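Visitor: what shape does this take:
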Amino acid sequence: MRRAKLTDVRVSFMGARKRSIVVLLTTLLCTAAGPGHAAEPTVPLVLERTIALKGVSGRIDHLAVDLGRKHMFVAELGNGTVDVIDLTTGTVIHRIVGLKEPQGLAYAPGADVLAVASAGDGSVRLFRGAELADAGTIDLGDDADNIRLDSRSGNLVVGYRIGGLAVIDPPKALVRSRILLLAHPEDFQLDFENGRAFVNVPDARQIAIVDMRAARQTASWRMTDLRANFPMAFDASQATIAVVFRDPARLSTFNTNTGKPISTVATCGDADDVFLDTKRHRVYVSCGDGRVDAWQQEESGYRRLNIFKTASGARTSLFVPDLDRLFVAVRAGFFGFGSDAAILVLRSAD
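Guide: Residues are numbered from 1 along each chain as shown. Presented below is the predicted three-dimensional model:
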């Protein structure tokens, strides 16, 4: 090693001193800016815990939650089961078996009923109470899919078959009405205040507007340049829906009063869930390529935040505002050979 000369030492010392001054000034400036000017977190979400789903193979679809009991339900489509997770302990406490490709889930607290929609036989099976006793089966014919709770009436709305919505009375286990659509509905959202539903109908290349009181479609927003609109989220306070298209891969927002686009940004091409974090004015998209995309809403539009890495195939998720957590479903084997399926519990970094 070359012996350092005195001039080398002085240069090194002066360079270190200048770097220290720069760091100090940067720190003081950031402190002086105050919390109102703090930068967004580098990563908006952090992993809080991982809940193993032992003995579960294949694709995992949607999730639902019973807030009163702090139970989460997981539709394990490839396994033909629904797991019940105690969120307090982070463990699976019950498993419903014998289902045929369960996809959609919803819990109706008024009736204390869990509804499970299955693609394989087109059924909606109802389970009541903490013991999840059998409370009836409704045959919708084919491809029962997403479910939403109408919190005002207590009814459940289910997308099914080639093109329709069914309104179900959970306590009586019967269909109150059926609404015809042009093709199979994917995700949809209910506008309780105005008695409407916004429905993604990708095969018809439209977002359908449904009058829930009249039980019929009354309008549609035609999609010309964007195709395969699957997940959707709704913010009533801003009269906005967020829709993720897979071809091309875009996250678009629309004004629900006019149907006009507000903004469009690029995202992943294999998303199955999108959620609006209204507390932080953020959007989360769970992507099948192994990430959660996040954006910050600003006056000029949406600013991309750093992504959170998950696992390949983890396209379904559930954001629960009351728990302030995002839950992401991960298939078995994607954390390595032989690894369990799991639910990732993510919380905000701020």
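Visitor: where in the protein is pLDDT low?
Guide: Flagging of the chain using pLDDT under 70 yields the residue ranges 1-42, 335-337.
Visitor: the helices in it, which residues?
Guide: Taking DSSP state H as the criterion, the chain contains helices spanning 6-33.
Visitor: compute the first-to-last residue distance for stretch 47-63.
Guide: Stretch 47-63 has an end-to-end distance of 18 Å (Cα to Cα, to the nearest Å).
Visitor: and for it, what are the contacting residues?
Guide: Contacting residues not belonging to stretch 47-63 are listed as 72-79, 81, 83, 85, 90-92, 102-105, 146, 273, 308, 313, 316-318, 325, 327, 329-332, 340-347 [Cβ atoms under 8 Å, 6 or more residues apart in numbering]. Glycine gets a C-beta too; all of them are placed from N, C-alpha and C.
Visitor: likewise for stretch 260-270?
Guide: Identification of contacts with stretch 260-270 by Cβ under 8 Å, 6+ apart yields 240, 244, 246-255, 285, 287-289, 291, 293, 295, 301-302, 304, 315.
Visitor: let's see 7 Å
Guide: Judged by Cβ atoms under 7 Å, 6 or more residues apart in numbering, the contacts made with stretch 260-270 from elsewhere in the structure are 240, 244, 246, 249-255, 285, 287-289, 291, 293, 295, 301-302, 304, 315.
Visitor: mind listing what's buried in it?
Guide: By neighbour count on 16 or more other Cβ atoms under 10 Å, the buried set for stretch 260-270 is 262, 264, 265, 267, 268, 269, 270.
Visitor: check stretch 196-204 too.
Guide: Neighbour-count burial for stretch 196-204, counted by 16+ other Cβ under 10 Å, picks out 196, 197, 198, 199, 200, 201, 202, 204.
Visitor: ok, stretch 216-226 next?
Guide: Across stretch 216-226, burial judged by 16+ other Cβ under 10 Å covers 217, 220, 221, 223, 226.
Visitor: can you dump the C-alpha coordinates of that stretch into CSV?
Guide: In CSV, the C-alpha atoms belonging to stretch 216-226 read as follows (Å, rounded to 0.1, in the frame of the first residue of the first chain):
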residue,chain,number,x,y,z
ARG,A,216,-82.0,-2.7,-15.3
GLN,A,217,-79.1,-1.3,-17.1
THR,A,218,-79.7,2.3,-18.1
ALA,A,219,-76.5,3.5,-19.7
SER,A,220,-73.0,2.4,-20.6
TRP,A,221,-69.6,4.0,-21.1
ARG,A,222,-68.0,2.6,-24.2
MET,A,223,-64.3,1.8,-24.0
THR,A,224,-62.6,2.4,-27.4
ASP,A,225,-58.8,2.3,-26.8
LEU,A,226,-58.8,0.3,-23.5
